[in-house]
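Sequence plus the predicted model coming up.
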Amino acid sequence: MSAVVSCWWFVLRAHQRPTRYRMRRRKEFENSIRRQRQHMGTWIKYAKFEETQKEFHRARSVFERAIDVDYKYQPVWLKYAEMEMRHEFVNRARNVWDRATKLLPRVDQFWYKYSYMEEMVGNAEGARAVFERWMKWRPGPHAWTSFARVRTCCLSATRTPLLMILWLCGPMVQ
């Protein structure tokens, strides 16, 4: 009977160790955030910790709280969307990219990564739609050439010359 009890006690203790570790780390992160709310590196480390623990709902919560503090801090959006993509939560990643491009439409990296993700999941029409939304913001020449590449590689190449004319002529041709 004693061997059974000690074995059960060992299993119970081994199960409690990771839980205690997680609770201790969460408390450390929360205290650090309470002291330095604007320090975005702490927010990102905290979200990464939750991701490594496979606590995706907690990681999302941390990212959302970080966005509430400073939505203009681009690395938070990038890490958030990349986490969703890394774990194949494609629709959630789409939502993050969509929000990022609406709130910060002049950040070309968001648009590139959003369209690239759509290409990688095999959604050529989605990539085209992302590029068309982006083109309304009149981005630089690299964006237009990327759009032309997507049009020729993934979609019909029939409208690509018209696309280049639109880029060269500017807003006069609509």
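Ah, there it is. Numbers count the residues shown, from 1 in each chain.

Remind me what whichever strand or helix holds residue 128 packs against, helices and strands.
According to DSSP states H and E, residue 128 maps onto helix 124-135. Applying 3 or more Cβ pairs under 8 Å, 6 or more residues apart in numbering; DSSP states H and E, one finds that helix 124-135 contacts helix 90-103, helix 108-120, helix 141-153. Where C-beta positions appear, they are placed from N, C-alpha and C, glycine not excepted.

Out of those helices, which gets nearest to residue 78?
Comparison of the helices and strands packed on helix 124-135 against residue 78 by Cβ to Cβ identifies helix 108-120 as nearest, at 7.2 Å.

Run the angle between that closest one and helix 90-103 for me.
With axes from the mean of the first three to the mean of the last three Cα atoms, to 10 degrees applied, the angle from helix 108-120 to helix 90-103 works out at 150 degrees.

Helix, strand, or coil at the most centrally placed residue in the chain?
Residue closest to the average C-alpha location in the chain (Cα atoms, centre = their mean): residue 81, at 0.9 Å. Classification of residue 81 using DSSP: H, G, I helix; E, B strand; the rest coil returns helix.

pretty sure it contacts residue 95?
No. At 9.0 Å, residue 81 does not count as touching residue 95 under the criterion of Cβ atoms under 8 Å.

Which residues are in contact with residue 130?
101, 111, 114, 115, 118 (Cβ atoms under 8 Å, 6 or more residues apart in numbering).

sorry, back to before: highest mean neighbour count out of the helices and strands packed on helix 124-135?
helix 108-120 (a mean of 19; mean count of other Cβ atoms under 10 Å).
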